[in-house]
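**Q** generate a structure from the sequence data that follows.
(2 chains)
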Amino acid sequence: MAQKKFVVGCFDDEATLFPAVKQVRTAGYKIKDVYTPFPVHGLDHALGMRETSLHTAGFIYGITGTTTAISCISWIFTKDWPLNIGGKPHFALPAWIPIIFELTVLFAAVGMVLTFCYLCQLAPGVKKHHFHKRATDDLFVMVIECTDKTNADDLQALLKSNGAVETETQVAEDGWWFGTYDKEDDLYNQKQLA
Amino acid sequence: MHIKYESQLREPLVYGEKTYKQVTEDIVRPIEAKPTRLWYIGFYIAVTLLMFGVYSVYREVTYGIGQWNLNKTIGWGWDITNFVWWVGIGHAGTLISAVLLLFRQGWRTGVNRAAEAMTIFAVMCAGQFPIFHMGRVWMAFFVMPYPNSRGPLWVNFNSPLLWDVFAISTYFTVSLLFWYSGLLPDFATVRDRAFTKLRKKLYGIAAFGWTGSTKHWQRHESLSLVLAGLSTPLVLSVHTIVSFDFATSVIPGWHTTIFPPYFVAGAIFSGFAMVQSLLVIVRKVFGLEDYITIGHIDLMNKVIVLTGSIVGIAYLTELFMGWYSQNKYEGYTFWYSRAYLFSPYGWSYWGMMACNVISPQIFWSRKMRRNVFVTFFMSIIVNIGMWFERFVIIVTSLYRDYLPSSWSVYYSPTIWEIGFYMGTFGLFFTCFFLFAKYFPVIAVAEIKYVLKRSGESYKPGMTNLEAETAEEFAHNHAH
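**A** Got it, this is the predicted structure:
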């Protein structure tokens, strides 16, 4: 896997993060990502990300469920084994609505969660490099990938002047690999918690 | 989540001087600490109950349904009563997490995690009853439609009992996915502050490699919103379909069109009561009073008094229709078997009325709604009442049917029926104790999201408002 060089700037308040994102982007740097402990609304737009299409995928999975239910039940009850239930019609659509609905929801939910995990590359046992341990606690961690032209010191100075509380340059794996966090990471120092 | 504007006059959702770090500390600390003595005692009691339940089920599987006191007339007794009771309890979690998310109710953030966990465990308990009621439980997979070597002989898609199979299993799956996807970021938080290797490893696996990337959060938000949108009709459909098990039959007392809304209201009623019972204890034991505030308890008690009154109106409507329809079987069921105090099961009907309709009216008083002891006591009363409701519906409709020759002798459960019920309590509390110890009982990331909007130390509140002149107010709060 590719080792790459990154400049990392940590912010402790979303109020300073937003102007910093704007400044860094205006200065011509491409922000790889901002790692935050909770969803910061509007940050995706500030970073120039497009809207997710996950809900469209959900809709497609949903109608797949609807079609599966209707086609399976109608085939079973009218063609494969037409069961006589008190002389009622074999094609009994109103009585199938509950199951059609349930399968719609089931397909949409399961499909969306799997798609979400696929898109975000999340799975049990997947390991990704953490630029800062406190990114899931209380820091907003901006990461900029260095190119040949990037002067890391200048960039760190720019981040500092925009309110970053910590900056550093890291060489790290891009992407994910299988592994567990206990082996490769040093553990959180108990003193840091106090 | 998703509160854009929060009124200054509204009570804060998080009390105390909190920072993001403090929020993590407060909620994750119980996971990192050794379990208390009280936890062990509670856990062992739960496991003991579970073992008794396992033995009761073993008797039932080995010797057959004859281990229970069901008979030809009363084919559904404690088992289906317990099934409906647990499923009902299982409604509050998804209601809190999904419906309140769609209605933009910020207060759901403090209670949704524990309520969803409760939902999942309650549905697990509920599922046991119809499965073991089948008798030959090793053939339980016959309820799934799959091409088989018996014809293929398919299941009956027109039957409410099969709708139930689909509804409950879908509900369980979707609730589990919703709950777990919300847990991912919080597991990552626990993982990243772990100071033992084992914890780092296990929470690392559980967190699926979550990093908190902005794009991931964007998708996560979209996922939560759509899952909430899907779960909202789902949660209403589940108890509707459970009520169809009764309403599509021709049994007096079951054959009524008000069952779906009446059952759904009852489910929310009992579910919120169970959430109250659990959270009143959890917030005390883990010192989370700043997050599960008295305001949360107040709001949930409002839901309880509302849904309790809806259920009360449903009871009265049924009685009215029992008379107004002039159907003698309906009249007999409602006015003799149920509402006549000195009929064999009159005590259960009036127990239900007292617990579900009369006693929750105490919550019209704000003082009572905000009293933790009253809340805990009432939550137990409500759940007893809701158990009586299902017992009344099932047993009083069945024990005297159209043919007096098949009228049942008095039905009371055997020790193995009671044991099975106790066993599900064991299952529920075993799971809940494990959850409370090893999972973040409050959604850490969601609390951080609302902290600066609705935390006490970030809200100027009334003091600032009163200091402002009218012009300043208009200027500062114009939107």
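
**Q** please count neighbours and contacts with C-alpha atoms only from this point.
**A** Noted.

**Q** name the residues that touch the helix or strand that contains A:Lys4?
**A** A:Lys4 is part of strand A:3-11 when elements are defined by DSSP states H and E. Residues outside strand A:3-11 that contact it (CA atoms under 8 Å, 6 or more residues apart in numbering or on different chains) are A:17, A:131, A:139-146, A:152, A:155-156, A:159-160, A:163-174.

**Q** give me every residue that touches residue 124.
**A** Using chain A here. By CA under 8 Å, 6+ apart, the contact list for A:Pro124 reads B:Gly204, B:Ile205, B:Ala206, B:Ala207, B:Phe208, B:Gly209.

**Q** nope, chain B
**A** Contacts of B:Met124 by CA under 8 Å, 6+ apart are B:Phe172.

**Q** 10 Å - rerun?
**A** Counting by CA atoms under 10 Å, 6 or more residues apart in numbering or on different chains, B:Met124 touches B:Trp86, B:Val87, B:Gly90, B:Met118, B:Ile168, B:Ser169, B:Phe172, B:Thr424, B:Leu427, B:Phe428.

**Q** quick one, phi psi at the closest residue to A:Phe6 other than its chain neighbours?
**A** Ranked by CA to CA, 6 or more residues apart in numbering or on different chains and with sequence neighbours excluded, the top spatial neighbour of A:Phe6 is A:Glu145, at 4.5 Å. Per-residue torsions, A:Glu145: phi -80, psi 130 (degrees, to the nearest 10).

**Q** give me the distance between A:Glu145 and A:Ser161.
**A** To A:Ser161, A:Glu145 is 19 Å away according to CA to CA, to the nearest Å.

**Q** who's more crowded, those two?
**A** The neighbour comparison of A:Glu145 against A:Ser161 (other CA atoms under 10 Å in any protein chain shown) goes to A:Glu145, with 20 against 11.

**Q** picking that back up, sheet-wise, list the partners of the strand holding A:Lys4 with their directions.
**A** Applying DSSP bridges, strand A:3-11 is found paired with strand A:140-145 (antiparallel), strand A:166-173 (antiparallel).

**Q** what would these look like in CSV with mean pLDDT?
**A** As requested, the strands paired with strand A:3-11 are exported to CSV (pLDDT from 0 to 100):
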stretch, mean pLDDT
strand A:140-145, 90
strand A:166-173, 83
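
**Q** just say which of the ones you listed is most tucked in.
**A** Mean neighbour count (mean count of other CA atoms under 10 Å in any protein chain shown) peaks for strand A:140-145 among these, with a mean of 25.

**Q** for the strand holding A:Lys4, buried residues please.
**A** Neighbour-count burial for strand A:3-11, counted by 16 or more other CA atoms under 10 Å in any protein chain shown, picks out A:Lys5, A:Phe6, A:Val7, A:Val8, A:Gly9, A:Cys10, A:Phe11.

**Q** re earlier: contacting chain A as well, which ones from the contacts of A:Pro124?
**A** Residues of the contacts of A:Pro124 in contact with chain A (CA under 10 Å from any CA of the partner chain): B:Gly204, B:Ile205, B:Ala206, B:Ala207, B:Phe208, B:Gly209.

**Q** want to throw the residues you listed into TSV with neighbour count and distance to B:Met134?
**A** Compiled in TSV, those are given as follows (neighbours: other CA atoms under 10 Å in any protein chain shown; distance: CA to CA, whole Å):
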residue	neighbour count	distance to B:Met134
B:Gly204	28	41
B:Ile205	22	37
B:Ala206	22	35
B:Ala207	27	38
B:Phe208	22	38
B:Gly209	31	42
